[in-house]
Structure formats: structure tokens, C-alpha cells
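*Asks:* here are the coordinates; sequence isn't available:
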């Protein structure tokens, strides 16, 4: 869910309706920076997720709220009737929120994954025994 929404939003950067010519570049670099900032945020003790349920509770509202808001705002130059510059900053803030949460959720999944795998399934770092034809 995280990867598909990030790809969908990033693919739309060049189609954003804005009089600002550098907005697609600003959105691209905002995406990179905030994704990078979201990854170490999982190391902060009060922000650490413990279960896949918590990850889903972050991912679902992200898809249901942030993504539609981004596409509604990006579809027209002044969708919210807030003025030309305000719409651009709203897009930058939406991309920052999406990217930060994307980096955070992906890294949290990597941290939670080992606890989701049983001891028999993980292999425990041991190499399997090789049956030799020579005896």
C-alpha cells in the first residue's frame, strides 16, 4: 500500500496545475527529503511501533485521506479557492506528510517483520544440512 501510493503521487508531480514552474522539482526534492527523515524517526522510543495492527492503523488513513487530497489539490490550479500560492504550499505539505509517513511505515515494517516470523520459519541463521552422495 505504501509503495503504490508513493509511486502514484510521484508520477503526478509533472502534471500538477500551477503557475510556479519549479513546483514539480520542489515536490520531488520534498519527497526525497521527508522520506529520508521518516526512516530514522522509528528509532525514537515513543514513536516505535510494536505490531502490524499499528502499522495498518497508520497506513489506511494515509491512503484514504492524504492521497485523495493530493489528487484533488493537484488537479486544478486553485481547487480550494485559497489563492495561487497557498495551493502550492498545500501540495508541498501533503507531499511532505505522505513521504514522511512512507519512510516511517516502510522502516517500521522492517523492524516488526522479525517478530512476525516464527522460530521454525526464520531458520535461526543456521545453514541447512547438505546430504552428500559420498559416504
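*Replies:* It's in. Keep in mind it's a predicted model, so treat the numbers as computed, not measured.

*Asks:* give me the most central residue, the chain.
*Replies:* The structure's the chain has its C-alpha centroid closest to residue 102; by Cα atoms, centre = their mean the separation is 1.4 Å.

*Asks:* can you tell me the SS state at it?
*Replies:* helix (DSSP: H, G, I helix; E, B strand; the rest coil).

*Asks:* hmm, it is touching residue 38, no?
*Replies:* Yes: judged on Cβ atoms under 8 Å, residue 102 makes contact with residue 38 at a distance of 6.6 Å. For the C-beta atoms, the positions are set from N, CA and C on the backbone; glycine is no exception.

*Asks:* count of residues packed around the closest residue to residue 71 other than its chain neighbours?
*Replies:* Distances taken as Cβ to Cβ, 6 or more residues apart in numbering put residue 12 closest to residue 71, at 7.0 Å, once the chain neighbours are dropped. Using other Cβ atoms under 10 Å, the number of residues around residue 12 comes to 15.

*Asks:* please state the offset of stretch 11-31 from the chain centre?
*Replies:* Centroid separation for stretch 11-31 versus its chain: 18 Å, with Cα atoms, centre = their mean, to the nearest Å.

*Asks:* report the buried residues of that stretch.
*Replies:* 13, 16, 18, 23, 26-27, 30-31 (16 or more other Cβ atoms under 10 Å).

*Asks:* also stretch 28-47?
*Replies:* In stretch 28-47, counting by 16+ other Cβ under 10 Å, buried: 30-31, 34-35, 38-39, 42.

*Asks:* and of the residues you listed, the nearest to residue 64?
*Replies:* Set against residue 64, the nearest of the buried residues of stretch 28-47 by Cβ to Cβ is residue 38 (19.0 Å).
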